[in-house]
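> model the following, please.
(2 chains)
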Amino acid sequence: EAAVTQSPRSKVAVTGGKVTLSCHQTNNHDYMYWYRQDTGHGLRLIHYSYVADSTEKGDIPDGYKASRPSQENFSLILELASLSQTAVYFCASSDRRGVNNQAPLFGEGTRLSVL
Amino acid sequence: QQQVRQSPQSLTVWEGETAILNCSYENSAFDYFPWYQQFPGEGPALLISILSVSNKKEDGRFTIFFNKREKKLSLHIADSQPGDSATYFCAARNTGNYKYVFGAGTRLKVIA
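Predicted structure coming up:
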């Protein structure tokens, strides 16, 4: 069964600390995405990747880094966490290859609170 | 700049009615439009999607109507059920870079 697994599911971090959110997919998808969700803003794209060892900036990349060490794993890194980064973060994967269009499949999310 | 706009922000319908959720976009490079359903505490789940070469897509009680010329689409939920109460997101794929842009969502409440 296709799956996107995020860890941790929730985290409390201190301002200025480093935070790493992890994502693992078993879908054999080439694309992976990190979104953040805030009330009233829907989902906004932070970083994405279409191949291992390469990442691309999304629409709101400032304050975030991403790492794609393998096709299955994609991490989001907050080097210096700030209060404004309190949000729910979603990882997703999709496949550009093949005949059928496939919309991104999402994980369950990570609720991050920065205090 | 909001590239994908959804309306209304919230919608309340009675059980059995048809709920109509609207979406519009600006970028002509968008070619694929998935709709997602999200319940509190969960990730968005794909509900139904449409390619820009089509003007209608049906899946059970869910139908997408698409107007490429006007850059508008709508999701119709027929015979709405209380279990349909959720937030619905319209998304659009950029055919150039394969990025997906989301609208702010419509919160649907179905009253029994």
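> mind checking how far B:S7 is from A:N28?
The gap separating B:S7 from A:N28 is 37 Å, by CB to CB, to the nearest Å. (C-beta placed from N, C-alpha, C; glycine too.)
> these two - which one has more neighbours?
Neighbour totals were compared for B:S7 and A:N28, and B:S7 leads with 15 against 11 (other CB atoms under 10 Å in any protein chain shown).
> residues contacting the more buried one?
B:S7 is in contact with B:N22, B:S24, B:T106, counting by CB atoms under 8 Å, 6 or more residues apart in numbering or on different chains.
> and if we set it to 10 Å?
By CB atoms under 10 Å, 6 or more residues apart in numbering or on different chains, B:S7 lies in contact with B:I20, B:L21, B:N22, B:C23, B:S24, B:S74, B:G103, B:A104, B:T106.
> residue numbers of chain A in contact with chain B?
Near chain B, the residues belonging to chain A are A:4, A:6, A:30-31, A:33, A:35, A:37-45, A:48, A:50, A:56, A:58-59, A:88, A:90-92, A:94, A:96, A:101-109, A:111 when assessed by CB under 10 Å from any CB of the partner chain.
> filter those residues down to the ones in helices?
Using DSSP state H, no member of these falls within helices.
> hang on, the earlier thing: the contacts of B:S7 also near chain A: which ones?
Restricting the contacts of B:S7 to those near chain A by CB under 10 Å from any CB leaves B:G103, B:A104.
> most widely separated two among the contacts of B:S7?
Spanning the widest gap among the contacts of B:S7 are B:I20 and B:A104, at 17.0 Å by CB to CB.
> determine the number of other residues adjacent to residue 64.
No chain specified, so I'll use chain A. Neighbours of A:Y64 under the rule other CB under 10 Å: 20.
> wrong chain, I was asking about chain B
B:I64 has 24 neighbours, counted by other CB under 10 Å.
> what's across from the nearest residue to A:L83 once chain neighbours are set aside in the sheet?
Take A:L83 and drop its neighbours on the chain: the residue closest to it by CB to CB, 6 or more residues apart in numbering or on different chains is A:V114, 5.4 Å away. Counting by DSSP bridges, A:V114 forms beta bridges with A:A13.
> quick check: A:V114 touching A:K18?
No - contact criterion CB atoms under 10 Å: A:V114 and A:K18 do not qualify, at 11.5 Å.
> and for the two, which residues touch both?
Residues touching both A:V114 and A:K18 (CB under 10 Å, 6+ apart) are A:L78, A:A81.
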